[in-house]
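K.L.:
Predicted model and sequence follow; I will ask about them next.
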Amino acid sequence: RMSVRPGSRMMVTSPSRVSCRRLDDVRSRRQETREGDVTIIREPGRTLIRGDDDRVIIRRDENQRFRDLGLDTRSERRGEETVTVYDRRDGTQIVTVTDADGRLLRRSRRERDGAEIIIIDNMRRDGPRPRFAEEVVELPPPPLRIPRERYIVDAGHADERLIYETITAPPVAPVPRRYTLDEVRYSPDLRAHMRSVDVDTINFDSGSWTVGADQAQRLRVLAQAVMQAVERTPNEVFLVEGHTDAVGADIDNLSLSDRRAQSVAEILTRDFGVPAENLTTQGYGEQYLKVQTQGDARENRRVTLRRITPLLTGQNAQ
């Protein structure tokens, strides 16, 4: 079992230090070390952690997306934590707190009167930071009382109304409690409680995470639905998930999927105005194939978006 222990120092390298455009560039700059009972693979902008059970997770600097977008941020080290503040044009501030490994601890919005509203709370309240394996939540599969095509919606065949309905729907089954962001990221049973939208309108070149300008416009309907949801409830959180097909090494696919998820999140903010603080990203590589094949399947090279606010807050009502 993978056991990434509190107090370990697996720093995430900022991608601004080394510019990579394709997977070949990333692969050539990887450095692998052994730390305790895990293997650490460092690459530009990412750290991959492989346990003795061959389970691999990927982490990134949670503030880098803000910097890549050219947003006005400033950071200050406070003990073991780094506090990064992003000044919005409306006078409010987005405050992100990360630990020494670049892991997100909290993200909040500070109003002009000084009031602070939590957007993401990734802190455990029942003890010290757990090992990774302890953050995987196992739950029974939620019962589906809606057609599967309404549970996982294909963006290419959906209008804004259906996408909005999907990303604002309550959980399909009761959520037992509030969960941390890491628990949501690493627990497929938990994420399955929320409906999702498969963004099958974006086609990535092999080994690349770049989205062409012509394809970026295909995200407009999705972005409009997200903006409508955020305007109604400003503290909504949406997870952008990256997926690949099963061709190639698992490490390559995990890195590629994570970068593709970030690319789509950046487009939603840069081109369509979705607030960066309402999005978070995670790559899953080839773990969750849509089409069960080890071959080259375009349907598996996709990005998925789902609302995770109820999982973070433990709320079951819309």
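P.N.:
Nice, thanks for sending it over.
K.L.:
Let me see the ranges of the helices in the stretch 1-150 of the chain.
P.N.:
23-28, 64-68, 148-151 (DSSP state H, counting those that start in this stretch).
K.L.:
now the stretch 201-318 of the chain
P.N.:
With helices called from DSSP H, counting those that start in this stretch, the stretch 201-318 of the chain shows them at 213-216, 220-232, 250-270, 309-313.
K.L.:
Make a markdown table out of those helices and add distance to residue 149, mean pLDDT and mean neighbour count.
P.N.:
Where you see a C-beta, it was placed from the backbone N, CA and C, and this is true even at glycine. Shown next, in a markdown table, are the helices of the stretch 201-318 of the chain (distance: least, CB to CB, whole Å; pLDDT from 0 to 100; neighbours: other CB atoms under 10 Å):
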| stretch | distance to residue 149 | mean pLDDT | mean neighbour count |
| --- | --- | --- | --- |
| helix 213-216 | 23 | 84 | 12 |
| helix 220-232 | 17 | 96 | 18 |
| helix 250-270 | 22 | 94 | 23 |
| helix 309-313 | 22 | 96 | 21 |
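K.L.:
looking at the ones you listed, which is closest to residue 60?
P.N.:
Distances from residue 60 to each of those were compared by CB to CB, and the smallest falls on helix 250-270, at 6.7 Å.
K.L.:
how close does the closest residue to residue 123 other than its chain neighbours get to residue 175?
P.N.:
Beyond its immediate neighbours in the sequence, the residue positioned closest to residue 123 (CB to CB, 6 or more residues apart in numbering) is residue 105, lying 5.9 Å away. Residue 105 sits 22 Å away from residue 175, taking CB to CB, to the nearest Å as the criterion.
K.L.:
ok, the nearest residue to residue 73 once chain neighbours are set aside - how many residues close by?
P.N.:
Take residue 73 and drop its neighbours on the chain: the residue closest to it by CB to CB, 6+ apart is residue 86, 4.7 Å away. Taking other CB atoms under 10 Å as the criterion, the count of residues near residue 86 is 22.
K.L.:
Run a quick neighbour tally on residue 106.
P.N.:
Around residue 106 there are 18 other residues, counting by other CB under 10 Å.
K.L.:
from now on call the first residue 36
P.N.:
With the count now opening at 36, the last piece we talked about shows up as residue 141.
K.L.:
I'd like to know how far it sits from residue 131.
P.N.:
Residue 141 sits 7 Å away from residue 131, going by CB to CB.
K.L.:
And for residue 98?
P.N.:
Using CB to CB, we find residue 98 at a distance of 6 Å from residue 131.
K.L.:
and for those two, which residues touch both?
P.N.:
residue 119 (CB atoms under 8 Å, 6 or more residues apart in numbering).
K.L.:
Can you tell me how far the residue nearest to residue 158 is from residue 290?
P.N.:
Between residue 140 and residue 290 the computed distance is 24 Å (CB to CB).
K.L.:
and if you look at residue 107?
P.N.:
Residue 107 is 29 Å from residue 290, where distance means CB to CB.
K.L.:
What of residue 250?
P.N.:
According to CB to CB, residue 250 stands 21 Å off from residue 290.
K.L.:
With residue 342 instead?
P.N.:
Note on residue 342: its distance to residue 290, by CB to CB, is 26 Å.
K.L.:
What of residue 303?
P.N.:
According to CB to CB, residue 303 and residue 290 sit 21 Å apart.
K.L.:
cool, and residue 79?
P.N.:
For residue 79, the distance to residue 290 equals 10 Å [CB to CB].
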